[in-house]
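Novice: would you be able to build a 3D model of this:
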Amino acid sequence: MTLSVFAVRPVTLVFGMVLALGLSSLAQAGEALIEPFVGEYAGSASLDNADGSTTPRDMSVSISETKDGFNVSWTSTTHKPDGRIKEKSYSIDFLPTDRDGIYSAAMERNVFGHAVQLDPMKGEPFVWGRITGDVLTVFSLFVDDQGGYEMQQFDRRLADGGLDLEFSRLRDGEPMRSVSTFLEKQ
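Specialist: Residues are numbered from 1 along each chain as shown. Next up is the predicted model:
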(Lines give C-alpha, C1' and ligand atoms only; values in the text may rest on other atoms or scores of the structure.)
Protein backbone atom coordinates (compact mmCIF):
# COMPACT_ATOMS: atom_id res chain seq x y z
CA MET A 1 0.00 0.00 0.00
CA THR A 2 1.32 3.39 -0.97
CA LEU A 3 0.45 6.55 0.95
CA SER A 4 0.17 9.73 -0.98
CA VAL A 5 1.50 13.06 0.22
CA PHE A 6 -2.11 14.17 0.69
CA ALA A 7 -2.79 11.29 3.10
CA VAL A 8 0.25 12.12 5.24
CA ARG A 9 -0.21 15.88 5.30
CA PRO A 10 -3.31 15.93 7.59
CA VAL A 11 -1.48 13.70 10.09
CA THR A 12 1.53 16.02 9.99
CA LEU A 13 -0.73 19.03 10.40
CA VAL A 14 -2.49 17.48 13.40
CA PHE A 15 0.85 16.52 14.98
CA GLY A 16 2.14 20.08 14.48
CA MET A 17 -0.96 21.54 16.08
CA VAL A 18 -0.72 19.21 19.08
CA LEU A 19 2.97 20.03 19.49
CA ALA A 20 2.29 23.79 19.30
CA LEU A 21 -0.52 23.53 21.86
CA GLY A 22 1.67 21.48 24.16
CA LEU A 23 4.54 23.99 24.00
CA SER A 24 2.11 26.87 24.51
CA SER A 25 0.62 25.13 27.56
CA LEU A 26 4.11 24.44 28.94
CA ALA A 27 5.06 28.11 28.59
CA GLN A 28 1.79 29.25 30.19
CA ALA A 29 2.28 26.84 33.11
CA GLY A 30 5.78 28.26 33.65
CA GLU A 31 4.42 31.81 33.59
CA ALA A 32 1.77 30.93 36.18
CA LEU A 33 4.42 29.50 38.53
CA ILE A 34 6.78 32.49 38.31
CA GLU A 35 4.13 35.21 38.45
CA PRO A 36 3.95 35.53 42.30
CA PHE A 37 7.77 36.00 42.45
CA VAL A 38 7.99 38.78 39.85
CA GLY A 39 9.36 42.02 41.31
CA GLU A 40 12.35 43.91 42.69
CA TYR A 41 13.66 43.02 46.17
CA ALA A 42 16.47 44.32 48.42
CA GLY A 43 17.93 43.70 51.86
CA SER A 44 21.05 43.26 53.99
CA ALA A 45 22.52 40.35 55.90
CA SER A 46 25.59 39.00 57.64
CA LEU A 47 27.12 36.12 55.73
CA ASP A 48 28.19 33.23 58.00
CA ASN A 49 31.61 31.86 56.95
CA ALA A 50 32.96 28.36 57.63
CA ASP A 51 35.56 29.79 60.06
CA GLY A 52 32.81 31.36 62.21
CA SER A 53 33.37 34.92 61.03
CA THR A 54 30.65 37.03 59.45
CA THR A 55 30.72 39.38 56.48
CA PRO A 56 28.10 42.14 55.96
CA ARG A 57 26.36 42.13 52.57
CA ASP A 58 23.74 44.12 50.76
CA MET A 59 21.64 42.06 48.37
CA SER A 60 19.13 42.74 45.67
CA VAL A 61 17.24 40.55 43.22
CA SER A 62 15.03 41.24 40.25
CA ILE A 63 12.70 38.51 38.96
CA SER A 64 10.89 39.08 35.68
CA GLU A 65 8.95 37.14 33.09
CA THR A 66 10.53 36.76 29.65
CA LYS A 67 9.07 35.70 26.33
CA ASP A 68 10.02 32.05 26.88
CA GLY A 69 10.39 31.76 30.67
CA PHE A 70 11.79 34.07 33.33
CA ASN A 71 14.94 35.93 34.39
CA VAL A 72 16.59 36.18 37.79
CA SER A 73 19.18 38.96 38.20
CA TRP A 74 20.90 39.55 41.50
CA THR A 75 23.65 41.65 43.02
CA SER A 76 25.64 41.03 46.18
CA THR A 77 27.70 43.85 47.68
CA THR A 78 30.29 42.84 50.29
CA HIS A 79 31.67 45.38 52.75
CA LYS A 80 35.27 44.37 53.61
CA PRO A 81 36.77 45.14 57.07
CA ASP A 82 39.33 47.47 55.46
CA GLY A 83 36.53 49.57 53.90
CA ARG A 84 36.73 48.13 50.39
CA ILE A 85 33.48 47.27 48.63
CA LYS A 86 33.17 44.25 46.35
CA GLU A 87 30.14 43.90 44.10
CA LYS A 88 29.09 40.86 42.04
CA SER A 89 26.11 40.76 39.69
CA TYR A 90 24.54 37.85 37.83
CA SER A 91 21.66 37.56 35.38
CA ILE A 92 20.26 34.24 34.17
CA ASP A 93 17.35 33.40 31.91
CA PHE A 94 15.44 30.22 32.73
CA LEU A 95 13.40 28.13 30.28
CA PRO A 96 10.74 25.52 31.10
CA THR A 97 11.72 21.87 30.71
CA ASP A 98 9.54 18.82 30.15
CA ARG A 99 9.46 18.37 33.95
CA ASP A 100 6.92 20.43 35.91
CA GLY A 101 8.49 23.23 37.93
CA ILE A 102 12.07 22.58 36.72
CA TYR A 103 13.84 25.13 34.51
CA SER A 104 17.07 25.00 32.54
CA ALA A 105 19.39 27.98 32.54
CA ALA A 106 19.86 29.63 29.16
CA MET A 107 23.33 31.03 29.77
CA GLU A 108 24.78 31.05 26.26
CA ARG A 109 23.76 30.46 22.66
CA ASN A 110 25.00 27.65 20.43
CA VAL A 111 25.95 28.08 16.76
CA PHE A 112 22.29 27.75 15.79
CA GLY A 113 21.22 30.56 18.15
CA HIS A 114 19.53 28.25 20.66
CA ALA A 115 19.93 28.88 24.39
CA VAL A 116 22.00 26.14 26.04
CA GLN A 117 23.45 25.16 29.41
CA LEU A 118 27.11 25.77 30.22
CA ASP A 119 29.50 22.81 30.56
CA PRO A 120 30.64 22.03 34.13
CA MET A 121 33.44 19.82 32.78
CA LYS A 122 34.99 23.00 31.34
CA GLY A 123 34.88 24.78 34.71
CA GLU A 124 31.62 26.54 33.86
CA PRO A 125 28.65 26.51 36.25
CA PHE A 126 25.77 24.14 35.57
CA VAL A 127 22.69 26.09 36.67
CA TRP A 128 19.03 25.17 36.93
CA GLY A 129 15.95 26.43 38.70
CA ARG A 130 13.00 24.89 40.47
CA ILE A 131 9.69 26.23 41.70
CA THR A 132 7.95 24.20 44.40
CA GLY A 133 4.96 25.95 45.89
CA ASP A 134 6.12 29.27 47.34
CA VAL A 135 9.86 28.65 46.87
CA LEU A 136 11.98 29.58 43.84
CA THR A 137 15.33 27.79 44.04
CA VAL A 138 18.39 28.39 41.88
CA PHE A 139 21.10 25.71 41.98
CA SER A 140 24.63 26.20 40.67
CA LEU A 141 27.12 23.34 40.38
CA PHE A 142 30.84 23.89 39.69
CA VAL A 143 33.39 21.12 39.06
CA ASP A 144 36.95 22.22 39.93
CA ASP A 145 40.22 21.23 38.24
CA GLN A 146 40.77 18.39 40.75
CA GLY A 147 37.31 16.90 40.15
CA GLY A 148 35.84 18.28 43.37
CA TYR A 149 32.64 20.28 43.38
CA GLU A 150 31.01 23.36 44.75
CA MET A 151 27.24 23.57 45.06
CA GLN A 152 25.37 26.80 45.66
CA GLN A 153 21.68 26.92 46.50
CA PHE A 154 19.53 30.06 46.61
CA ASP A 155 16.06 29.48 48.08
CA ARG A 156 13.74 32.48 47.68
CA ARG A 157 10.50 31.89 49.61
CA LEU A 158 7.49 34.18 49.18
CA ALA A 159 6.86 36.08 52.41
CA ASP A 160 4.61 38.92 53.48
CA GLY A 161 6.14 42.03 51.89
CA GLY A 162 8.97 40.26 50.07
CA LEU A 163 11.14 37.14 49.98
CA ASP A 164 12.94 35.10 52.61
CA LEU A 165 16.37 34.24 51.18
CA GLU A 166 18.31 31.15 52.29
CA PHE A 167 21.72 30.74 50.64
CA SER A 168 24.18 27.91 51.18
CA ARG A 169 27.48 26.99 49.56
CA LEU A 170 29.06 23.55 49.92
CA ARG A 171 32.49 22.47 48.72
CA ASP A 172 32.90 18.70 48.44
CA GLY A 173 29.99 18.30 50.88
CA GLU A 174 31.43 20.66 53.51
CA PRO A 175 29.50 23.85 54.39
CA MET A 176 31.48 26.94 53.34
CA ARG A 177 28.99 29.81 53.66
CA SER A 178 25.37 30.43 54.43
CA VAL A 179 23.06 33.38 54.81
CA SER A 180 19.44 33.91 55.79
CA THR A 181 17.72 37.25 55.32
CA PHE A 182 14.55 39.01 54.30
CA LEU A 183 14.48 40.87 50.99
CA GLU A 184 11.82 43.58 50.97
CA LYS A 185 9.74 44.09 47.82
CA GLN A 186 10.54 47.51 46.36
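
Novice: mind checking the SS state of Asn71?
Specialist: What DSSP: H, G, I helix; E, B strand; the rest coil gives for Asn71 is strand.

Novice: secondary structure class for Asp82?
Specialist: Following three-state DSSP, Asp82 is assigned to coil.

Novice: phi and psi next, for it.
Specialist: Backbone torsions of Asp82, given as degrees, to the nearest 10, read phi -90, psi 10.

Novice: quick check: the gap between it and Asp119.
Specialist: As for Asp82, its distance to Asp119 is 37 Å (criterion: CB to CB, to the nearest Å). Any C-beta I mention is one placed from the backbone N, CA and C, and that applies to glycine too.

Novice: what about the two, which has more around it?
Specialist: Asp119 (12 against 5; other CB atoms under 10 Å).

Novice: what's the closest non-adjacent residue to that one?
Specialist: Leaving aside its sequence neighbours, Asp119 sits nearest to Phe126 (CB to CB, 6 or more residues apart in numbering; 7.7 Å).

Novice: might one say that that neighbour is in contact with Val116?
Specialist: No. Look at Phe126 against Val116 with CB atoms under 8 Å: they stay out of range, at 11.3 Å.

Novice: between the two, which has more neighbouring residues?
Specialist: Higher neighbour count among Phe126 and Val116: Phe126, with 19 against 14, using other CB under 10 Å.

Novice: quickly list what the more buried one is bridged to.
Specialist: Leu141 (DSSP bridges).

Novice: cool, and the one 4 residues further on?
Specialist: When assigned by DSSP bridges, Arg130 has beta-bridge partners Ile102, Thr137.

Novice: shaky segments in this protein?
Specialist: Across the chain, the ranges flagged by pLDDT under 70 are 1-32, 108, 110, 113, 115.

Novice: buried stuff in stretch 125-145?
Specialist: For stretch 125-145, the neighbour count (16 or more other CB atoms under 10 Å) marks 125-131, 136-140, 142-143 as buried.

Novice: ends of that stretch, how far apart?
Specialist: Using CA to CA, to the nearest Å, one end of stretch 125-145 lies 13 Å from the other.

Novice: contact partners for the residue lying closest to Glu40 once chain neighbours are set aside?
Specialist: Once flanking residues are discounted, Glu40 sits nearest to Gln186: 4.2 Å by CB to CB, 6+ apart. Taking CB atoms under 8 Å, 6 or more residues apart in numbering as the criterion, Gln186 is in contact with Gly39, Glu40, Tyr41, Ala42.

Novice: beta partners of the nearest residue to the first one once chain neighbours are set aside?
Specialist: Going back to what we said before, that points to Gly39. Nearest residue to Gly39 in three dimensions, chain neighbours excluded: Lys185, at 5.2 Å (CB to CB, 6+ apart). Assessed by DSSP bridges, Lys185 has beta-bridge partners Tyr41.
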